[in-house]
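**Student:** what's the 3D shape of this:
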Amino acid sequence: LLLVTFPGYDASTRVTSLASRLDQQLTSLAMGSPEGFSSADTAINLAARKGNWILLTNVHLAPSWLSSLEKRLHRLNAHNNFR
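**Tutor:** The predicted structure follows:
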C-alpha cells in the first residue's frame with residue numbers, strides 16, 4: 001500500500017486512525033537519516049513476520065533507499081496482514 005500526498009498535506013493521522021479502528025499495530029518512522037534507514041529495516045522485518053503495519057514518512061528524503069526497499073518487498077514472504 002502506497003500513499004502519495006501533495007505538499008502540505010499529512011495523511012499519517014488518517015492511517016493511524018484506520019489502524020486503530022482495525023486493531024492493527026502500527027509503527028511510524030520518519031525517514032531521512034541513517035538511523036531512520038536502520039530503524040525502518042528492523043521494523044519492516046518484524047512487521048512482515050507478525051503482520052503489523054509500517055508507516056514511513058518523509059520518504060522523499062531517501063530515494064536510493066526506496067529503490068532497494070522496493071526490491072526487498074518483492075522478495076519478502078510476508079504475513080498476510082503486513083502493510
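**Student:** and Thr16, how many neighbours does it have?
**Tutor:** Close neighbours of Thr16, defined as other CB atoms under 10 Å, add up to 14. (Glycine included, C-beta is placed from N, CA and C.)
**Student:** so where do the helices sit in the chain?
**Tutor:** 12-21, 34-50, 63-75 (DSSP state H).
**Student:** just send those helices back as JSON lines, with mean pLDDT and distance to Phe82 too.
**Tutor:** Below are the helices of the chain laid out as JSON lines (pLDDT from 0 to 100; distance: least, CB to CB, whole Å):
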{"stretch": "helix 12-21", "mean pLDDT": "93", "distance to Phe82": "13"}
{"stretch": "helix 34-50", "mean pLDDT": "90", "distance to Phe82": "5"}
{"stretch": "helix 63-75", "mean pLDDT": "87", "distance to Phe82": "9"}
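**Student:** make JSON lines out of those and add distance to Leu56.
**Tutor:** Below are the helices of the chain laid out as JSON lines (distance: least, CB to CB, whole Å):
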{"stretch": "helix 12-21", "distance to Leu56": "10"}
{"stretch": "helix 34-50", "distance to Leu56": "6"}
{"stretch": "helix 63-75", "distance to Leu56": "8"}
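**Student:** for Ser28, which of these is the nearest?
**Tutor:** When those are compared by CB to CB, helix 12-21 sits nearest Ser28, at 6.5 Å.
**Student:** in the sheet, who's paired with the nearest residue to Gln24 once chain neighbours are set aside?
**Tutor:** Distances taken as CB to CB, 6 or more residues apart in numbering place Trp53 nearest to Gln24, at 5.1 Å, with adjacent residues excluded. With beta bridges defined as DSSP bridges, Trp53 has these partners: Leu26.
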